[in-house]
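K.L.:
build me a model:
(chains A and B)
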Amino acid sequence: MIKITDLEKYYKTEELQTIALNKLSFDVKKGEFVAIMGPSGCGKSTLLNILGMLDDSDGGSFIFNGEEVIHYNERKRANIRKHNIGFVFQSFNLIDQLTVFENVELPLIYTGVKKAERKKKVHEVLEKMQIMHRRKHFPQQLSGGQQQRVAVARAVVNNPKLILADEPTGNLDSSNGNEVMDLLTELNKQGTTIIMVTHSEHDAKFSHRIIRMLDGQKVIENSLI
Amino acid sequence: MFRNYFKIAWRNLLKNKVYSFINISGLAVGMAATIMIGLWITDELNYNDHFKKKDVIAQVYQSQAMNGDVGTGPAIPRPLEFILREEYADNFKHIVMSSWEQPRYLKYGETNIYTQGNAMQESGPEMLDLKIIEGIKDGLKEKNSIMLSETSAKTLFGSDAAVGKIIKVNNLDDLIVTAVYNDIPENNSFNEMDYLIPWKYYVTKQPWLENAIDRWGNNSFQMFVQINENTTMEAVTSKIIDVKKNASVDEAEFNPQIFLFPMQDWYLRNDFENGVQSGGRIENVWLFGIIGLFILLLACINFINLSTARSEKRATEVGIRKSIGSQRGQLIFQFLSESFLIVILSFVFAIGIVLLFLNGFNNLASKVIVFPWTNIQFWLVALAFIIVTAFLSGSYPAIYLSSFNPVAVLKGAFKSGRYSSLPRKILVVTQFTVSIALIIATLVVMNQIQFSKDRPVGYDKEGLIQIPVMSNEFIGKAEVMRTQFIASGGAIEMATTSSPTTNVWSNRSGYTWEGKPVGFQEDLAYTNVSYEFVKTLGAKIIQGRGFSRDFPSDSLGVILNKTAVEYMGIKDPIGKYIRDADTDVENREPPLKIIGVIDDIIMQSPYSPVKQSIYAFDNGGTASFYNLRLNPEKSTAKNLEIIKNVFKKNFPDTPFDFQFVDEEYGRKFSSEERIASLARVFTALAIFISCLGLFGLASFVAEQRTKEIGVRKVLGASISQLWLLLSKDFITLVVIALLIASPFAYYIMGQWLQKFSYRVSVGWDVFAIACFGALIITLITVSFQAIKAAIANPIKSLRTE
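P.N.:
Alright, predicted model coming up:
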């Protein structure tokens, strides 16, 4: 599903240039659950942003579903993103002014799904995430675990082929964290490819494969299955 | 999608009440001001719209050169009519000679009214398209007829039929009512024309009117024309321009030019400079149009500044939306729809504000503007106005907000760049530049009015009244009335004049005097006065004396004003003669002996130099006003009561009408005072809107720097140091605005003052006041937030991190 080759990314300030990704290469197959680990600043989040087509790379190749996407403009990338990729963030990133229902509904609006259909899909996913009873609440009225469940619901409502999770349990206590990991595992079992950045060895054990990074490079790869 | 956008916009409005209030109230006030100015401009531009034929109606004007100065005006000589009718008839549908609008007494039974009207030729009512509600349109056919406006007919006859009734005019002639026409609405020429009498009746009333029939030099009449459809104003003008010059050898030396002045220009473009049309009220239309746009711009700037300043708060939302798949165009659309929502809400409030203040505005602007609820055009313009305002205020924030990089904002690493506040600063400077320029302009206008008001008028205008005595019944009664008024104790002196003290009704030329330069074309303001003129007015004698009953020869005496002596170049004027230059000895008037020189008295514009004037003795028959000096030992009300009694005793059937001379004089400032009042209001609004924006920005900056303030406070900063820290940036911006606005306003107001000969100079004090005022206002606005932030407990602000 994903094949990156010699991917490069630099950050430049006035005085120095930092290498975030240094000729990084790996692939992810359809239906895989991959965890990316490494110390702070090793380039994990940068990688995830490029995979999510939120950021550009400075070199290399990125093939998504057999398509080279590295030189696509913003409009094209937004289009691929909204139909194929769901995001789960450490800080949930829900829109404060929208209710749970409206937050989850948002990706469907952008993909042009009809209203009745949207309602059905949102209800389904909220049921699945066991957050239906909170659908009229605003994010600030929910606990962290509930917020992350909403965020996951939002990420999957469009049935994305790929979920990119950036430390999804980072802001949660262990029981809420486990709940979210169970959710992701379940989604993966149903066929969704998941790439997760994490600091937690515990969380990483839920995946099929761990890619460990240091200074923008892959240093080791452990298969867990 | 739309619903989602509006939902977010609406919830944002509710969540951030202070910002919403600033945004909406600022925009609403700005829009209300712009709407009111728009209504005022429409009203000005629609002047004379009542006349369907305004495209083809014109007044005949004349330019004449005197010593190189070209004067232009509507006064024309009678014989012009005959030449136009005989030689140029195919150019005109109607030619209508008219008198000046003049008050007359109209009496029916016990009811006697004193009201304005004109004498016109027969086709006047048809040309003006008067709507006849009773009687016939050609009601001026018979010499002894009169047409009445609806108002005057109602006053005289109540609900009874008017046509066929006989009215006594000026207590002298019986005229039969032939028609009643609808009142001509305000905002149109002739709107005070309460009656129309036939021209052929009018011209037989006084010998000088009859004699004027072949006098090319007697410019005492008006002429209105309707041109034929197959021609143009310019084409007709080019044919008739030299008719007077060619017809009269005597007049040719003044190079008279006859031209058509279209009805469309009467109101807005009636200034002439050296014979060339040079604007008029249209300048005010432009001026206020620009002010309206500026005020709207100021309100839009608030919106732009607050939206971009608060961008960090919206950054996460932008990031999330982009990561979910929103394209930039969709985000731009979203933010624009938010600005639409705010603009529409503001517009609704603006309409409320307009309705609330329309009456006050009408009073201020001397208008009777009605809110155009049913005017589709108005609502279409309003729609366009909303769209333009929404784009003006929403585009930049929409483009700016939608440009955020989702990676950066979602990481929480979003920080405005070092220069990100630069556009905001530029916009604040723009706002204050406009506001300060308006402050300076308003101060200059007010100074100019005060300066002209403080100008010595040359007589004592307080405690002086004038009673119009222009009808025949007053002829020959002046001496008796003077004796009675003084004996009654209501007045201490009285003099008659042929013009009001506050105007000149007659100008004369055709004189000669010792030392008159060859070829000099004099133009003298001419007024007939009675014995006690100098004493009654309290004018100041510079040389010689006033008219005196002790000198019988004073009946052929004349008094000059100071300017006339200089203008005519007469040395040692007392005892010298001014003679009629007529070569025809038999027609020549007797020479006038100069018996005195008085200090200039302002009879015309208080903004212009006093015209060279001569005051000749009134030998009877020319008095138009009784001027009475009220008794200073009694109250004005008492004096008026006594005077009215004396008047009524002598003229029981004539309404007692009078004017206070100081009030009449005050009217000369009304146009400029109106501009000043409007300018004051709009300046205040501009300052209000700018301060509202500044207040919003100050609170934003204070909020943004809460942590910094906390740290500084913990490290020992005093409240005043913190206040200075938060205020100095804004003060710097206002100082920059001052530096830009001052020379700009200095130049513009310098140009404006050019139109007044008697004008104030734009002094440093105006700039000092504007500077001081702007800084004080800024400090007050900004300090509230600065002090609030500075006195907050630092532990609290640091804990929130």
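K.L.:
for chain A, which residues are neighbours of chain B?
P.N.:
A:45, A:49, A:52, A:54-55, A:74-75, A:78-79, A:81-83, A:87, A:89, A:91, A:93-98, A:102, A:105-107, A:109-111, A:154 (CB under 8 Å from any CB of the partner chain). The way it works is simple: take the backbone N, C-alpha and C, and place the C-beta from them, glycine included.
K.L.:
going by neighbour count, which of those are buried?
P.N.:
For these, a neighbour count by 16 or more other CB atoms under 10 Å in any protein chain shown gives the buried set as A:45, A:49, A:52, A:54-55, A:78-79, A:81-82, A:87, A:89, A:91, A:93-95, A:97-98, A:102, A:105-107, A:109-110, A:154.
K.L.:
give me the neighbour count for the residue in chain B that chain A sits nearest to.
P.N.:
Relative to chain A, the nearest point of chain B is residue B:325 (2.3 Å; CB to the nearest CB). When neighbours are defined as other CB atoms under 10 Å in any protein chain shown, residue B:325 has 25 of them.
K.L.:
try residue B:128
P.N.:
Residue B:128 has 25 nearby residues by other CB under 10 Å.
K.L.:
that one touches residue B:188, doesn't it?
P.N.:
No. Proximity of residue B:128 to residue B:188 does not meet the contact threshold set by CB atoms under 8 Å, at 9.7 Å.
K.L.:
any common contacting residues for those two?
P.N.:
Contact criterion CB atoms under 8 Å, 6 or more residues apart in numbering or on different chains; residues shared by residue B:128 and residue B:188: residue B:51.
K.L.:
helix, strand, or coil at residue B:467?
P.N.:
At residue B:467 the chain is in strand, as set by DSSP: H, G, I helix; E, B strand; the rest coil.
K.L.:
just list whatever residues bridge to it.
P.N.:
Beta bridges link residue B:467 to residue B:626, judged by DSSP bridges.
K.L.:
could you measure from it over to residue B:171?
P.N.:
Plainly put, residue B:467 is 15 Å away from residue B:171 if you go by CB to CB, to the nearest Å.
K.L.:
what confidence value was assigned to residue B:186?
P.N.:
Residue B:186 carries a pLDDT value of 88.
K.L.:
quick one: contacts for it?
P.N.:
So residue B:186 contacts residue B:368 (CB under 8 Å, 6+ apart).
K.L.:
what about it, which SS state?
P.N.:
The three-state label given to residue B:186 by three-state DSSP is coil.
K.L.:
residues touching the spatially most central residue of chain A, list them.
P.N.:
Note on chain A: the residue nearest the mean C-alpha position is residue A:164, at 1.6 Å, using CA atoms, centre = their mean. Counting by CB under 8 Å, 6+ apart, residue A:164 touches A:48, A:51-52, A:85-88, A:195-196.
K.L.:
which parts of chain B sit against chain A?
P.N.:
Residues of chain B lying close to chain A (CB under 8 Å from any CB) are B:1, B:4, B:7-8, B:11-12, B:15, B:316-317, B:319-328, B:330, B:405-407, B:410-412.
K.L.:
buried ones among these?
P.N.:
By 16+ other CB under 10 Å, the residues of chain B next to chain A give B:4, B:8, B:11-12, B:316-317, B:319-328, B:330, B:405-407, B:410-411 as buried.
K.L.:
just the ones in helices from these, please.
P.N.:
Using DSSP state H, the members of those that fall within helices are B:4, B:8, B:11-12, B:316-317, B:319-324, B:328, B:330, B:406-407, B:410-411.
K.L.:
grab the nearest non-local neighbour of residue B:680.
P.N.:
Nearest residue to residue B:680, sequence neighbours excluded (CB to CB, 6 or more residues apart in numbering or on different chains): residue B:442, at 5.6 Å.
K.L.:
what does residue B:264 give?
P.N.:
Leaving aside its sequence neighbours, residue B:264 sits nearest to residue B:54 (CB to CB, 6+ apart; 5.8 Å).
K.L.:
quick check, the residue in chain A closest to chain B?
P.N.:
When scored by CB to the nearest CB, chain A has residue A:82 as its residue closest to chain B, at 2.3 Å.
K.L.:
which residue, other than its chain neighbours, is closest to that residue?
P.N.:
Residue A:82 sits nearest to residue B:325 (CB to CB, 6+ apart), 2.3 Å away.
K.L.:
repeat for residue B:256
P.N.:
residue B:244 (4.3 Å).
K.L.:
now do residue B:613
P.N.:
Nearest residue to residue B:613 in three dimensions, chain neighbours excluded: residue B:525, at 4.0 Å (CB to CB, 6+ apart).
K.L.:
the one you found bridge partners, please.
P.N.:
For residue B:525, the beta-bridge partners are residue B:507, residue B:613 (DSSP bridges).
K.L.:
what's the neighbour count on it?
P.N.:
For residue B:525, the neighbour count with other CB under 10 Å is 22.
K.L.:
same check on residue B:39?
P.N.:
Neighbourhood size, residue B:39 [other CB under 10 Å]: 21.
K.L.:
quick one: distance of the longest helix along chain A to the chain centre.
P.N.:
Taking DSSP H as the criterion, chain A has its longest helix at helix A:174-189. Here the centre of helix A:174-189 is set off from its chain's centre by 14 Å, with CA atoms, centre = their mean, to the nearest Å.
K.L.:
send me it as CSV with only the CA atoms.
P.N.:
C-alpha atoms of helix A:174-189 as CSV (Å, rounded to 0.1, in the frame of the first residue of the first chain):
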residue,chain,number,x,y,z
SER,A,174,-3.6,3.3,31.1
SER,A,175,-7.1,2.0,31.1
ASN,A,176,-8.4,4.6,28.6
GLY,A,177,-5.2,4.0,26.6
ASN,A,178,-5.9,0.3,26.4
GLU,A,179,-9.4,0.9,25.3
VAL,A,180,-8.1,3.1,22.4
MET,A,181,-5.5,0.4,21.5
ASP,A,182,-8.3,-2.2,21.5
LEU,A,183,-10.3,-0.1,19.1
LEU,A,184,-7.4,0.3,16.7
THR,A,185,-6.6,-3.4,16.8
GLU,A,186,-10.3,-4.2,16.1
LEU,A,187,-10.2,-1.8,13.1
ASN,A,188,-7.0,-3.4,11.9
LYS,A,189,-8.6,-6.8,12.1
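K.L.:
after that helix, heading C-terminal, what element do we hit next?
P.N.:
strand A:193-197 (DSSP states H and E).
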